[in-house]
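Novice: kindly generate the corresponding structure for this input.
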Amino acid sequence: MLRRRTSSATATPADEPETAVADQGTKLAGKGRPTPKRSEVERARRQPYTAPPKNRKEAAAQDREHRRAEQKRRMDAMREGKEWALPAKDRGPVRALARDYIDSRKFVVSEYILFGVFALILLVFLLGRAKNSAILLYIEIGILAVIAIESLYHGSRVISLAKRRFPGESTRGVVWYIAKRSLRLRGSRIPPTRVGRGEEF
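Specialist: Below is the predicted model of the structure:
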C-alpha cells in the first residue's frame, strides 16, 4: 500500500510538466493568427459558398464578380450617406455641414443656371456666333458671375457656421465644394440630400 501510494505520488509531479508543456504548445500553436472579430465571422457565415475556380478564366470571372458586388455595395452605402463609403473629398463634419446648408436652401440660383446654359446654346444656333459674339460673351460672363457670387455668399455663411460648431476643423475648399454641389439638381446630388428645403439642421 505504502509503496503504491509513494510511487503514484512521485509519478504525478513528474508527469505534470510534460502535460503543461503540451498544453502550452497547443495554445501557442493555436495563436498563430489574430482572433477574428465576431462581425467578420458572422459576415463570412452569411456569404454563400462559391466553389474554387477550376482555371484562370473562371478565377478572372469570379474576381470581376466580387469587384462588381463590392462596388455596388459601396455605391448603395454612398447613396445612404454612410461616412465610410464617401470619397475623401466628402468626408468630415464641415463638408456634411456644407451639404446640409446648400440642400436646405429654398432657392439656389446656381441649381437652375443649367437652363441658362441651354438657352445660351439655343441662342448660338439661332443668332449665329459670328454676328452676335459680343452679346453671347456677355451672357457667358454673367452666368459665371452669378455662380461665383452665390458660391462666395453661401461659402462665407458655411465657414462662419463651421467655425462656431466645429472649431479647429479645416474649411479649406468649402466655397468650391458648395459651387459644384449647387450646380447639380437635388435628385442627382451624391451624397444624396438628407434635409428638406427650408428645414433647420
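
Novice: please report how far Ala134 lies from Glu140.
Specialist: According to CB to CB, to the nearest Å, Ala134 stands 11 Å off from Glu140. Quick note: C-beta positions are derived from backbone N, CA and C, even for glycine.

Novice: what about the two, which has more around it?
Specialist: Taking other CB atoms under 10 Å, Ala134 and Glu140 do not tie; Glu140 has more neighbours (13 against 8).

Novice: which phi and psi does that one have?
Specialist: When quoted as degrees, to the nearest 10, the phi and psi of Glu140 stand at phi -60, psi -40.

Novice: just the one 10 residues further on next, same as before
Specialist: Its backbone dihedrals place Glu150 at phi -70, psi -40, with angles given as degrees, to the nearest 10.

Novice: who's in contact with Leu114?
Specialist: Applying CB atoms under 8 Å, 6 or more residues apart in numbering to Leu114 gives the contacts Leu183, Leu185.

Novice: so it: helix, strand or coil?
Specialist: Assigned by DSSP: H, G, I helix; E, B strand; the rest coil, the conformation of Leu114 is helix.

Novice: how near is it to Leu120?
Specialist: Using CB to CB, Leu114 is found at 10 Å from Leu120.

Novice: repeat that for Tyr101.
Specialist: To Leu120, Tyr101 is 28 Å away according to CB to CB.

Novice: and Ala69, by the same measure?
Specialist: 43 Å.

Novice: between those two, which one's more packed in?
Specialist: Leu120 (14 against 10).

Novice: so who does the residue lying closest to the more buried one once chain neighbours are set aside touch?
Specialist: Excluding the flanking residues, the one nearest Leu120 by CB to CB, 6 or more residues apart in numbering is Ile139, at 5.5 Å. Applying CB under 8 Å, 6+ apart, we find Ile139 in contact with Gly116, Leu120, Leu123.

Novice: Val158: which of the residues you listed is nearest?
Specialist: Ranked by distance to Val158 (CB to CB), those are led by Gly116 at 24.2 Å.

Novice: residues in contact with that closest one?
Specialist: Contacts for Gly116 (CB under 8 Å, 6+ apart) come out as Ile139, Ile143.

Novice: which stretches of the protein form helices?
Specialist: Residue ranges of the helices in the chain, as given by DSSP state H, are 2-30, 38-46, 56-79, 93-104, 113-127, 133-165, 174-182.

Novice: by mean pLDDT, show me the worst of the ones you listed.
Specialist: In terms of average pLDDT, helix 2-30 trails the rest of these, at a mean of 45.
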